[in-house]
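would you be able to build a 3D model of this:
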Amino acid sequence: MTEAAASAVPGGRTSLRRVLERWRIAPELGEALLLAGTELLSNAIRHAGDAAGSPRVTVTLADGWLQLDVADGDPCMPCFGLDVDGEAESGRGLVIVSFLVREVGGELTAFRAGSGKVVRVRVPAV
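I've put the predicted structure just below:
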């Protein structure tokens, strides 16, 4: 991961925090979304890399749902499974995000978009 790419994660987190605060999202839900957004953006940068173009983060609030999308140009779909190697130094982030999202009544999905993919977190905006 390049230094420029790595610096995009804190900036993305700050931007997301500002949006959630402006929308007056409950702090507990906001923290869960910040963690999820940070992990998804980090993964997009780490796995898609510069060759696949910059990841795009979109957050929307509509019909009682808060939706966070992280899109990148890598066609490789993420694995949300629970079969994490206990000795591995990475690979736990999506498991944690999945548990966290389910705990607040939401869902974590991924789908193909163009030549890449979108990883989506959708939670009730309580």
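
the chain: strands as residue ranges?
Under the criterion DSSP state E, strands of the chain are mapped to 56-62, 65-72, 107-113, 116-124.

make CSV out of those strands and add distance to Leu16.
Glycine gets a C-beta too; all of them are placed from N, C-alpha and C. Formatted as CSV, those follow (distance: least, CB to CB, whole Å):
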stretch, distance to Leu16
strand 56-62, 6
strand 65-72, 8
strand 107-113, 16
strand 116-124, 11
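
and of those, who's closest to Glu28?
Counting by CB to CB, Glu28 lies closest to strand 116-124 out of those; the figure is 10.9 Å.

how far does that closest one sit from its chain's centre?
7 Å (CA atoms, centre = their mean, to the nearest Å).

can you tell me what sits against it?
Applying CB atoms under 8 Å, 6 or more residues apart in numbering, the external contacts of strand 116-124 come out as 29, 32-33, 36-37, 40, 43-44, 48, 52-53, 64-78, 97, 101, 104-111.

which of the residues you listed are buried? Put it as a PyMOL command.
Applying 16 or more other CB atoms under 10 Å to the contacts of strand 116-124, the buried members can be selected in PyMOL as follows:
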select buried, resi 29+32+33+36+37+40+43+44+48+52+66+67+68+69+70+71+72+73+74+78+97+101+104+106+108+110
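
CSV for the strands of the chain, including distance to Arg92 and mean pLDDT?
Compiled in CSV, the strands of the chain are given as follows (distance: least, CB to CB, whole Å; pLDDT from 0 to 100):
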stretch, distance to Arg92, mean pLDDT
strand 56-62, 21, 93
strand 65-72, 18, 94
strand 107-113, 14, 94
strand 116-124, 16, 95
